[in-house]
Each structure stands twice: as structure tokens, then as C-alpha cells.
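Chemist: Sequence plus the predicted model coming up.
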There are 2 protein chains.
Amino acid sequence: MDFYFDFLSPYSYLAFQWLKKNKSLLESLNIEVNYLPTILSKLIHSYETKGPAEIKSKREYLFKDCVRYSVLNDIPFNTPKTLPFNSLYALRLVLASEPSKRFDLIDAIFTKGWGRGGEIGTEESLIELLQELGIDESLMEKTTSKEIRIELKGVLKEAISKGVFGLPTFIYKEELFWGNDSTKYLELFIANKDPLDQNKYNNFLKNHPFN
Amino acid sequence: MDFYFDFLSPYSYLAFQWLKKNKSLLESLNIEVNYLPTILSKLIHSYETKGPAEIKSKREYLFKDCVRYSVLNDIPFNTPKTLPFNSLYALRLVLASEPSKRFDLIDAIFTKGWGRGGEIGTEESLIELLQELGIDESLMEKTTSKEIRIELKGVLKEAISKGVFGLPTFIYKEELFWGNDSTKYLELFIANKDPLDQNKYNNFLKNHPFN
């Protein structure tokens, strides 16, 4: 299962809590998660549209929406110390770390930022975090390498080619689920209980080509 | 309570089903609903952004999302015969009808279009609908009046001034709820059980001015 996310996106944080809560379930089903750090602003602007944070009343509304969801689901929710912040260092750091260690690293970054309201936008703040986690801080040096930059761009390009239009997005068995709210449908899809009848849908597309 | 909607928006149709289901409850609480037909494209473009239907993969995904929601909530869901269609005639028709008759008229238009997959974009299709409803079809003539055109623009202008950025939007006691999904929070808000602590939120705004 692919998980496209950006640390800048509060809904990515909330969707990651779903992954965290369902970690054992996914492992028992042999569903491996690929954590794919994606630059949200570049993704959105590739469609020549605006991100939710770029419209004042929408930004305020969605922030309230996140608070409501987190209260009802017992998820700590704060805003990172600096907002908006540059998430590029943290995104690169994920790619620099070994795949098997990415879950814990992402968890630590999200928890520090959106969970506890700490700083996650600067190199210093991330080096501090690596120290707390007992990870060799030389990992941070790798983030400036050409390979990591190319890899980050590659993730973005692949996301767009797969039809990803916003974050967070899950892709499982080629089916795309966008947004934290979609985890309720993703759960049903994984359990082979998708309320969408794909045959009916394909027939619909034939009769109503809205492309 | 204000309800901003467009017949072009499938989520407006789904949110209207919430209003329909909760009609008695709202009446028992003396909550009067103002049905405010709004031109979606003009609303969205006033923010210089794109509507969800203007990005192919987003349009397809959201359509599936509507199907999933309607299956799980036992709501008939089809697409109007012509899609996209010109919803201007239907929007004006709502304003031309007496306020007390708007609920039934909106219900009939939504049901014909998104419920049964009929045509609701042409004058002829709406005249037919009026005949079926036993409403004098001269109502259709009123829709071309200068007053109605001005009123429709006025609704749009007011929506923007209140921070409405998408459809459907409910505004109740100055609190804005966007999208069909937000009805779950609107229900809590009406029951004085809003998970958002407004005092905490206002304090947050003071400390993290993200405007």
C-alpha cells in the first residue's frame, strides 16, 4: 500500500494515526506500507489550482475540522511551532533513512510537530530529534545529496502519474483513497466490503463519459 | 440556518438528503432553513482556484466517494442525464418560487436529476417537472426577470462575504459547515455538543496567527 503524505498537511498527520492504529492489522494481512514523502505545494500547483491553506476561510474551517476530528478520536492535536514551515528537510530525511526505520521516524516527526506543537521545519530541530531518537545525526547530511533530491522529485512525479491530486493519499490495489476521511472506505475496501460496485461503476463510465 | 447549494453539486444533493431526513427535528427546534441557490463555478472562481470537477482524477475519485456514501446511507444516486449541465434555470426557479414552497421544489429537482438520472438542465425539463408537481408553469417565466437575476447574484455575493468557499455550506449561528461530510459535526453543534472548544480555538488564534 502506498501512502503519499507531507508533514505540512495536518490531514496527513491524522491519516498517519490511522496507519499507526491499524499497524498490527495491516501486518497480519501482509500489507506493506510504502511511505512516500511528497511536496504538497508542488503537487497542488502541478494542477494549476490552490491548496486549501491558500484560501483564508477554507484554511480556518479545515483547521477546525481537524480539531473536531482529533477531539472525537482522542488524538493529540497542536500546530507546529512555525506554520507554515518548510517541510523539505523532514521529507528528505525520510528518504535518507532505511525503509524499515521510516515508520518510527515519521511517527516521531509528526508527533513533535502536530502532536506536541514543536518545531519540525528547520535542520536544527530535526538534528535534535535524531539525537532524542538515538539515531546518528549524520543521517541529516545525506539529505542534501543529489540522490535524495532526485528521489523526492521522482515520488512526486509518480504520484501525479497515478492520479494523486491531494494529500494524504493511500493507493491500495490500484484504488486511490484521498484524505483522512477516506480511511473509513479504505478499511471497507481492505475487508473486501467496498460499497462501490466496480462493475456498475465501469458500466456507468461507458454510458456517462464525463472525461 | 443557511443552506448554500447548487444543483450541479452532487454533495449538495447528498447534504439535502440530510436536511430532508432531519426536517422534523429542525422544525421541532424552530430552526428555519434558508435555501440559498448559489452558482458553484462563480463561487469557486472568485477564489481564483479550480472546482473539484475540473481535475480529472479528482472528479473520478469524488464521484466514487459519492457512490460509496449513497450506498452506505441508502440514498438513490445517479447522475443527471446531461453532465455537466447548466444549473442556472433551476437555481433561478428556486428564487422565483415562494419561500414556503422551496423545499418541495428543490427536493423534486434533486430527485429527478441526481436521484433518478433525469434531465434538469434545460428550461423544457423544468417546465415538465412543474407540470408533474401541479405548479403553474408560468413560474418559469419569472426566472428571466431582472429581479431574480439580481437576487441570484446577491446570494453569491453574500456567500463570499460570509466566507463560503465551496458547496454545500451550512451556516448556523454564524458557524460554517462545509461539505456533506460536515453534517456529522453540524448535528453535534446543533445539539450543543461541538467537539471544538471555541475558547481554546480563539486562544490558539491569538498565539498562532495564521492569517
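Modeler: In hand now; what should we look at? Everything numeric here is computed off the predicted structure, so don't read it as measured data. Numbering: from 1, shown residues only, chains lettered A, B, ... in the order given.
Chemist: which bits of chain A sit near chain B?
Modeler: A:47-50, A:54-61, A:63-65, A:67-68, A:71-72, A:79, A:83-84, A:163-166, A:176, A:178, A:181-182, A:185, A:194-197, A:201, A:204, A:208, A:210-211 (CB under 8 Å from any CB of the partner chain). All C-beta spots, glycine's among them, are computed from the backbone N, C-alpha and C.
Chemist: just the helices in chain A please.
Modeler: Along chain A, counting by DSSP state H, helices occupy A:10-21, A:23-28, A:40-46, A:56-72, A:88-96, A:102-110, A:123-133, A:139-142, A:146-161, A:183-190, A:198-207.
Chemist: if we can go back for a sec, narrow the residues of chain A next to chain B to just the buried residues.
Modeler: Among the residues of chain A next to chain B, the ones that count as buried by 16 or more other CB atoms under 10 Å in any protein chain shown are A:47, A:49-50, A:55, A:57-61, A:63-65, A:67-68, A:79, A:83, A:163-166, A:176, A:178, A:181-182, A:185, A:194, A:196, A:204, A:208.
Chemist: list the contacts for residue A:90?
Modeler: A:7, A:37, A:109, A:120, A:121, A:126 (CB atoms under 8 Å, 6 or more residues apart in numbering or on different chains).
Chemist: quick one: which of these is nearest chain B?
Modeler: Closest approach to chain B among these (CB to the nearest CB): residue A:121, at 13.7 Å.
Chemist: My guess is the closest one contacts residue A:85. True?
Modeler: Yes. Shown here, residue A:121 and residue A:85 form a contact pair, counting by CB atoms under 8 Å, at 2.9 Å.
Chemist: So those two - more neighbours on which side?
Modeler: Neighbours per residue (other CB atoms under 10 Å in any protein chain shown) separate residue A:121 from residue A:85, with residue A:121 holding more: 22 against 19.
Chemist: Which residues are in contact with that one?
Modeler: Contacts of residue A:121 (CB under 8 Å, 6+ apart): A:80, A:82, A:85, A:86, A:87, A:89, A:90.
Chemist: at 7 Å what do you get?
Modeler: A:80, A:82, A:85, A:86, A:87 (CB atoms under 7 Å, 6 or more residues apart in numbering or on different chains).
Chemist: Same check on residue A:52?
Modeler: Residue A:52 sits next to A:58, A:59, A:62 when contact means CB under 7 Å, 6+ apart.
Chemist: make it 6 Å
Modeler: Neighbouring residues of residue A:52 by CB atoms under 6 Å, 6 or more residues apart in numbering or on different chains: A:58, A:62.
Chemist: Now do it against residue A:38, distance only.
Modeler: Distance of residue A:52 to residue A:38, computed by CB to CB, to the nearest Å: 15 Å.
Chemist: And for residue A:20?
Modeler: For residue A:20, the distance to residue A:38 equals 19 Å [CB to CB].
Chemist: These two - which one has more neighbours?
Modeler: Neighbours were counted for residue A:20 and for residue A:38 using other CB under 10 Å; residue A:38 has more, 24 against 14.
Chemist: Nearest residue to that one in space, ignoring adjacent ones along the chain?
Modeler: residue A:4 (4.7 Å; CB to CB, 6 or more residues apart in numbering or on different chains).
Chemist: so what's the one you found bridging to?
Modeler: Taking DSSP bridges, one obtains residue A:36, residue A:169 as the residues bridged to residue A:4.
Chemist: Make sure it is actually in contact with residue A:36.
Modeler: Yes. The pair residue A:4 and residue A:36 qualifies as a contact (CB atoms under 6 Å) at a distance of 4.8 Å.
Chemist: the more surrounded of those two?
Modeler: A count of neighbours by other CB under 10 Å puts residue A:4 above the other of residue A:4 and residue A:36, at 28 against 25.
Chemist: Could you report the distance from the more buried one to residue A:31?
Modeler: Per CB to CB, residue A:4 is found 16 Å from residue A:31.
Chemist: try residue A:66
Modeler: Separation of residue A:66 from residue A:31 (CB to CB): 26 Å.
Chemist: Show me which of these two is the more surrounded one.
Modeler: Comparing residue A:66 with residue A:31 by other CB under 10 Å, the one with more neighbours is residue A:66, at 21 against 13.
Chemist: Which residue is the nearest non-sequential neighbour of the more buried one?
Modeler: The spatially closest residue to residue A:66, leaving aside those adjacent along the chain, is residue A:10, at 4.7 Å (CB to CB, 6+ apart).
Chemist: wait, doesn't the one you found sit right on residue A:64?
Modeler: No. In this structure, residue A:10 is not within contact of residue A:64 by CB under 6 Å, at 11.1 Å.
Chemist: The worst-scoring helix or strand of chain A on mean pLDDT to helix B:56-72, inter-axis angle?
Modeler: Every helix and strand in chain A was compared by mean pLDDT, DSSP states H and E; the lowest is helix A:198-207, with a mean of 77. Interaxial angle of helix A:198-207 relative to helix B:56-72 (axes from the mean of the first three to the mean of the last three CA atoms, to 10 degrees): 130 degrees.
Chemist: chain center to helix A:198-207, what's the gap?
Modeler: Taking CA atoms, centre = their mean, to the nearest Å, one finds the center of helix A:198-207 at 30 Å from the center of the full chain.
Chemist: Which residues belonging to it are considered buried?
Modeler: For helix A:198-207, burial by neighbour count (16+ other CB under 10 Å) applies to residue A:204.
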